[in-house]
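J.: this is a predicted model, with the sequence first.
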Number of protein chains: 2
Amino acid sequence: MAKSPQRAAGTHRRDAQGTRLRLLDAASELFAERGYERATVRDIADRAGANQALLFRYFGSKKALFGEVMARGGQEQLRSTPAERLFEVALRGMLAGGGEDADRSLEVCLRSIGGSDEIADALRGLGEEYAEVLATLSESDTGGLRGDLALSWLLGIGLMRVVVAKEPLASADPDTVCSLVVGALGGLLEGLPTGDGARRVGGDGAGGKAAEGRESGGNPG
Amino acid sequence: MAKSPQRAAGTHRRDAQGTRLRLLDAASELFAERGYERATVRDIADRAGANQALLFRYFGSKKALFGEVMARGGQEQLRSTPAERLFEVALRGMLAGGGEDADRSLEVCLRSIGGSDEIADALRGLGEEYAEVLATLSESDTGGLRGDLALSWLLGIGLMRVVVAKEPLASADPDTVCSLVVGALGGLLEGLPTGDGARRVGGDGAGGKAAEGRESGGNPG
DNA sequence: CCCTTGTGTAAGCACCTGCTTACAAACGTA
DNA sequence: TACGTTTGTAAGCAGGTGCTTACACAAGGG
């Protein structure tokens, strides 16, 4: 997987850029799977099929490698998505789980929380950018707080679903989850559209009625 | 603080129960402050004013100590609080932060997430009980999922406020936060009352209007 | 007094961590 | 071929971890 094609068997071709990239990919995977602390440089180098000394030659330290991993992914989604769709896109990305080239930055953060203060700083930095965009969806003077609360829910859902694997959330249908969350969040961020998946909510009882109540209540836009 | 009173200066009285309790308290504090991994047995023993060998004599292993810490606190709140008030009580407890004898179990979980799979199991176990109660607040067939989503928000808020310290959420007024969250959550858990703090939401814009829309929409009780 | 039992203590063990160093093998060039 | 540079490798270092062991002190009883 993700192995350089011009790699003969037995003999090692010298390809600095290639091994650097393989190290970056392996680090991205392992950070997402185990978090910063539990992903050791030996494991990362092993998965990349490289020696750990190369890791330090190319990146200097484990923390610097973590920084490059976080800087690589994560922010394209943030900039290529319009504000009113950012929440649903991020939520769906998290619900879809670790696909081939999915953005696992949030997952990395979630699993690395306890690691060190610098990791918390990194998550705060990424959170600033998301929350800042989300805050624009409310015209209230508590817009910043509302953006934080929306982001909190996003991360909390990722926490329970991806990290803790709590049922029934862990294997719930992404459409259903997205619908419930986006519907309830309409009360916080009035600029949030109901979106694609926010319409069909499987078979729902009285709760769905309340969500629809917000819709019929009129979207002040 | 929390030191046995019959402890003379200089001379050490032999009090197994006392040191056991001091170890338990120190562990509770340090697990909450740093999470499971970063709280070392040496630090715990030091804070308790005891030798780390005693820690292993009394508890067997670090994981067993963690288990006793988690088992001690945490569940009284769960059982002494009626379902429809559980969310707000837990949220307010988390917003209030680590008071004297506050229940920091959730905080411990949040900071220990990445630690090991057993820690995730512990959090899942605690989450089961909370989500199970919250699920009773919806009569929908997606009640379990709704309970999980509410719990996710609770933990996400704790994550961003206590661990990440993201502003403006970190220093936001608990009443305001509680009001916004409980209001928005009314769309998910129709059995959730607006509660004490869910009424006065400072100066709010159109978002509050939507929340009121749910109220006037009628609570199908 | 000696002896046994329970409590507290220091030193150490085996292992793992991030990181470094000395060296071998593959190139490019002359 | 011979040389220097770049890439890859194995071994090791200093420090920290959970946990153990050997031992010193305080009781209580004969």
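T.: That came in fine, so what should we check first?

J.: pLDDT-wise, which helix or strand of chain A ranks last?
T.: Least confident helix or strand, chain A: helix A:206-216 with a mean of 35, by mean pLDDT, DSSP states H and E.

J.: next, name the residue at the spatial heart of chain A.
T.: A:Leu106 (2.9 Å; CA atoms, centre = their mean).

J.: and that one, which of the three is it?
T.: What DSSP: H, G, I helix; E, B strand; the rest coil gives for A:Leu106 is helix.

J.: how near is it to B:Ala64?
T.: 33 Å (CB to CB, to the nearest Å). Placement of C-beta: from N, CA and C, glycine included.

J.: send the alpha carbons of the helix or strand containing A:Ile157 over as PDB?
T.: A:Ile157 belongs to helix A:143-158 when assigned by DSSP states H and E. Output in PDB follows, covering the C-alpha atoms of helix A:143-158 (Å, rounded to 0.1, in the frame of the first residue of the first chain):
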ATOM      1  CA  GLY A 143     -21.600  33.900  17.900                       C
ATOM      2  CA  GLY A 144     -18.100  32.900  18.900                       C
ATOM      3  CA  LEU A 145     -19.500  30.800  21.800                       C
ATOM      4  CA  ARG A 146     -22.000  29.200  19.500                       C
ATOM      5  CA  GLY A 147     -19.300  28.300  17.000                       C
ATOM      6  CA  ASP A 148     -17.300  26.700  19.800                       C
ATOM      7  CA  LEU A 149     -20.300  24.800  20.900                       C
ATOM      8  CA  ALA A 150     -20.900  23.500  17.400                       C
ATOM      9  CA  LEU A 151     -17.300  22.400  17.100                       C
ATOM     10  CA  SER A 152     -17.500  20.800  20.500                       C
ATOM     11  CA  TRP A 153     -20.400  18.700  19.300                       C
ATOM     12  CA  LEU A 154     -18.400  17.700  16.200                       C
ATOM     13  CA  LEU A 155     -15.500  16.600  18.300                       C
ATOM     14  CA  GLY A 156     -17.600  14.900  20.900                       C
ATOM     15  CA  ILE A 157     -19.300  12.900  18.200                       C
ATOM     16  CA  GLY A 158     -15.900  11.900  16.800                       C
END
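
J.: so is whichever helix or strand comes after it next to chain B?
T.: Downstream of helix A:143-158, the first helix or strand assigned by DSSP H and E is helix A:174-185. Yes - Helix A:174-185 lies within reach of chain B by CB under 8 Å from any CB of the partner chain, at A:Thr176, A:Val177, A:Leu180, A:Val181, A:Gly183, A:Ala184, A:Leu185.

J.: export the residues you listed as JSON lines, with columns for distance to A:Ala120 and pLDDT.
T.: Converted to JSON lines, these look like this (distance: CB to CB, whole Å; pLDDT from 0 to 100):
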{"residue": "A:Thr176", "distance to A:Ala120": "32", "pLDDT": "95"}
{"residue": "A:Val177", "distance to A:Ala120": "27", "pLDDT": "96"}
{"residue": "A:Leu180", "distance to A:Ala120": "29", "pLDDT": "95"}
{"residue": "A:Val181", "distance to A:Ala120": "25", "pLDDT": "95"}
{"residue": "A:Gly183", "distance to A:Ala120": "31", "pLDDT": "92"}
{"residue": "A:Ala184", "distance to A:Ala120": "28", "pLDDT": "93"}
{"residue": "A:Leu185", "distance to A:Ala120": "25", "pLDDT": "92"}
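
J.: emit the ChimeraX select command for whichever of the residues you listed are buried.
T.: Buried residues among those (16 or more other CB atoms under 10 Å in any protein chain shown), as a ChimeraX selection:
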select /A:176,177,180,181,183,184,185
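
J.: what's the closest of the residues of helix A:174-185 next to chain B to A:Leu95?
T.: Nearest to A:Leu95 out of those is A:Val177 (CB to CB; 5.9 Å).
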